[in-house]
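Asks: just coords:
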Ligand SMILES: Cc1ccc2c(c1)c1c3c(c(C)cc1n2CCCN)C(=O)NC3=O
């Protein structure tokens, strides 16, 4: 169990180049002085007072830490250490050197269905693991699907950023208006109860993009995108999907369903004939 260290992170880790940034703050490569091992440090500014718009609520970050402490799976990034101070918290995370899945795909001509299935099966195994522990990610999108290494024959997928993840308590209703318009499910926009099916919608969107390079609900503006999502308005443009198998389209159709109860579960996805041919 990771305890929250109160030392200065720079006493134990050498801080190196910035790897990225987000709504939370910055991610920097860092090196553990005692072992020489490299990690990713997620530096999160914490709110000075409850009403402040700057920084994140400390309890929101502690929730992410508590969730990460429960997770140990080859397709989920690992938490190594946590530091807390007055103004920020630092999560020391497994370093994932291969960058984002979608940058990897952008470098290639096109992704075959076979390659897409190889990536998707790993994403599904990671999501099956968290759903089996009653945890939903709630922010599955291409930026949060990374490759451990990229210049290898079979790159390994790592799901990152559990900043919006929630433990789904029996009977408790979780609603939130978070996420990125292109990937969020109708129930998020309609402020209806969220759960594992919300992640399954996002997987449907990710699959559509893996096979076409296009985002199914993308509009000219965020508002148009949200309208497209709520209406479930998407299509398989023949110019793009002409070569795509019917099984692949069926897989996507069974996820991009407005009613969360109608969508395939992650276990059903793993045995869908497109993923697991008989
Ligand atoms: C090489 C590289 C480049 C950018 C990185 C990361 C690694 C990275 C990492 C993580 C997170 C939460 C964000 C990260 N980012 C920010 C962008 C993530 N979409 C992480 O947990 N491990 C990483 O290596």
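Replies: Perfect, thanks for sending it. Predicted model only: the values in this text are computed from it and were never measured.

Asks: What's opposite the residue of the chain found nearest the ligand in the beta bridge?
Replies: Using Cβ to the nearest ligand atom, the closest approach of the chain to the ligand is made by residue 20 at 2.5 Å. Glycine gets a C-beta too; all of them are placed from N, C-alpha and C. Residue 20 has the following beta-bridge partners by DSSP bridges: residue 27.

Asks: can you list the residues of this structure near the ligand?
Replies: With Cβ under 6 Å from any ligand atom as the criterion, the chain meets the ligand at residues 19-20, 27, 40, 42, 77, 93-97, 99-100, 143, 160-161.

Asks: Just the buried ones among those residues, please.
Replies: The neighbour count (16 or more other Cβ atoms under 10 Å) marks 19, 27, 40, 42, 77, 93-96, 100, 143, 160-161 as buried among those.

Asks: Those residues into CSV, with extra columns for distance to residue 255 and secondary structure?
Replies: Converted to CSV, those look like this (distance: Cβ to Cβ, whole Å; DSSP: H, G, I helix; E, B strand; the rest coil):
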residue, distance to residue 255, secondary structure
19, 31, strand
27, 29, strand
40, 30, strand
42, 29, strand
77, 24, coil
93, 28, strand
94, 28, strand
95, 31, coil
96, 25, coil
100, 21, strand
143, 19, helix
160, 21, coil
161, 21, coil
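
Asks: and which of those is nearest to residue 228?
Replies: Using Cβ to Cβ, residue 143 comes nearest to residue 228 of these, at 20.2 Å.

Asks: got a list of what the closest one touches?
Replies: Contacts of residue 143 were listed using Cβ atoms under 8 Å, 6 or more residues apart in numbering, and they are 100, 102, 161.

Asks: gap between the second one and residue 85?
Replies: The gap separating residue 102 from residue 85 is 34 Å, by Cβ to Cβ, to the nearest Å.

Asks: Give me the more crowded residue out of those two.
Replies: A count of neighbours by other Cβ atoms under 10 Å puts residue 102 above the other of residue 102 and residue 85, at 17 against 14.

Asks: hang on, residue 81 in a helix?
Replies: No: with DSSP: H, G, I helix; E, B strand; the rest coil as the criterion, residue 81 is assigned strand and is not in a helix.

Asks: Confirm for me that residue 14 is in contact with residue 31.
Replies: Yes: counting by Cβ atoms under 8 Å, residue 31 is a contact partner of residue 14 at 4.5 Å.

Asks: Pick out whichever of the two has more residues nearby.
Replies: Taking other Cβ under 10 Å, residue 14 and residue 31 do not tie; residue 31 has more neighbours (15 against 12).

Asks: can you tell me which residues contact that one?
Replies: Neighbouring residues of residue 31 by Cβ under 8 Å, 6+ apart: 13-14, 16, 37-39.

Asks: picking that back up, just give me the closest of the buried ones among the residues of the chain next to the ligand to residue 213.
Replies: Nearest to residue 213 among those is residue 100, at 14.2 Å by Cβ to Cβ.

Asks: Closest to the centroid, which residue in the protein?
Replies: residue 140 (3.2 Å; Cα atoms, centre = their mean).

Asks: Am I right that it is in contact with residue 124?
Replies: No: with contact defined as Cβ under 8 Å, residue 140 does not count as touching residue 124 (10.9 Å).

Asks: what packs against the lowest-mean-pLDDT helix or strand in the chain?
Replies: Ranked by mean pLDDT, DSSP states H and E, the helix or strand of the chain with the weakest confidence is helix 101-107, at a mean of 84. Identification of packing neighbours for helix 101-107 by 3 or more Cβ pairs under 8 Å, 6 or more residues apart in numbering; DSSP states H and E yields strand 145-147.
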